[in-house]
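# Would you be able to build a 3D model of this:
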Amino acid sequence: MTIRPITITGEPVLHTRAQPVTEFDAELRTLVEDMYETQEAAHGVGLAAPQIGVGLRVFTWSMANDDGVPTLGHVINPYVKAAKPAVGEPDRDNESEGCLSVPGYSFPLRRGESAEVSGYDWDGNEIAFTATGWFARCMQHEYDHLNGFLYVDRLGEKWKKKARKAVRAEGWGVPGHTWMPGEVPDPFGHDDEQDDEQE
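Sure, this is the predicted structure:
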């Protein structure tokens with residue numbers, strides 16, 4: 001297994017709809033194993049193939065849940081149907097989301113409280129389950145990656161403005177930015193609250 005560099009917002013692969021997997025072979029298994037390794041090294045709860053520069057419809061997770069789903073898993077060519085989010089503004093303390101492809105930042109985003117997930121494992125066997133709570137949030141987040149969206153694209157106007165400001169400040173938003181889990185000083189050490197106070 002290999003730890004791979006994580007792409008940062010601005011890389012075209014993150015903003016393009018991923019292609020379906022057509023071959024369930026050893027190469028696919030290696031991709032998923034590398035994603036597991038990279039996800040663990042990055043201390044992430046989920047990872048989509050575009051986040052390591054591969055434009056295929058694959059995502060992994062490593063997250064305890066109350067839904068009877070294994071803590072570590074993957075889904076190939078997934079379909080995720082989420083419940084509609086509750087109306088109203090998201091709560092900064094309880095609904096903030098982050099992303100390995102926008103490292104160091106988190107912003108409030110309301111998502112559906114449940115999601116129906118279906119797809120295939122790396123052997124081509126069908127899988128299907130219902131995710132709830134934060135696990136449902138993870139499924140929706142990773143599925144967005146496969147459709148060419150980052151969570152910051154879904155933010156309300158106030159928080160989208162802050163996210164754009166952060167991306168500009170970091171010099172991201174254009175191709176050529178990645179970070180290597182385990183080799184970069186903590187990319188998640190940014191103090192969002194301080195940034196809020198300065199604005």
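# and the most centrally placed residue in the chain, which of the three is it?
For the chain, Glu142 is the residue whose C-alpha lies nearest the centre (C-alpha atoms, centre = their mean; 4.2 Å). Assigned with DSSP: H, G, I helix; E, B strand; the rest coil, Glu142 falls in the helix class.
# isn't it right up against Val45?
No - taking contacts as C-beta atoms under 8 Å, Glu142 lies outside contact range of Val45: 9.3 Å. (Each C-beta comes from the backbone N, C-alpha and C, glycine too.)
# Identify the contacts common to the two.
Trp61 (C-beta atoms under 8 Å, 6 or more residues apart in numbering).
# Now do the contacts for the residue nearest to the centre of the chain.
Here Glu142 is in contact with Gly46, Leu47, Ala48, Phe59, Thr60, Trp61 (C-beta under 8 Å, 6+ apart).
# in the chain, which spans are helices?
Using DSSP state H, the helices of the chain run over 26-41, 133-146, 157-170, 192-198.
# Report the contact partners of the residue lying closest to Arg17 once chain neighbours are set aside.
Nearest residue to Arg17 in three dimensions, chain neighbours excluded: Gly148, at 4.8 Å (C-beta to C-beta, 6 or more residues apart in numbering). With contact set as C-beta under 8 Å, 6+ apart, Gly148 has these partners: Leu14, His15, Thr16, Arg17, Ala18.
# top of the contacts of Glu142 by neighbour count?
Phe59 (31 neighbours; other C-beta atoms under 10 Å).
# Apart from its chain neighbours, what residue comes closest to Ala48?
Nearest non-adjacent residue to Ala48 (C-beta to C-beta, 6+ apart): His145, at 3.4 Å.
# Count the residues that sit near the one you found.
25.
# Touching, it and Arg57? I think so.
No - look at His145 against Arg57 with C-beta under 8 Å: they stay out of range, at 9.7 Å.
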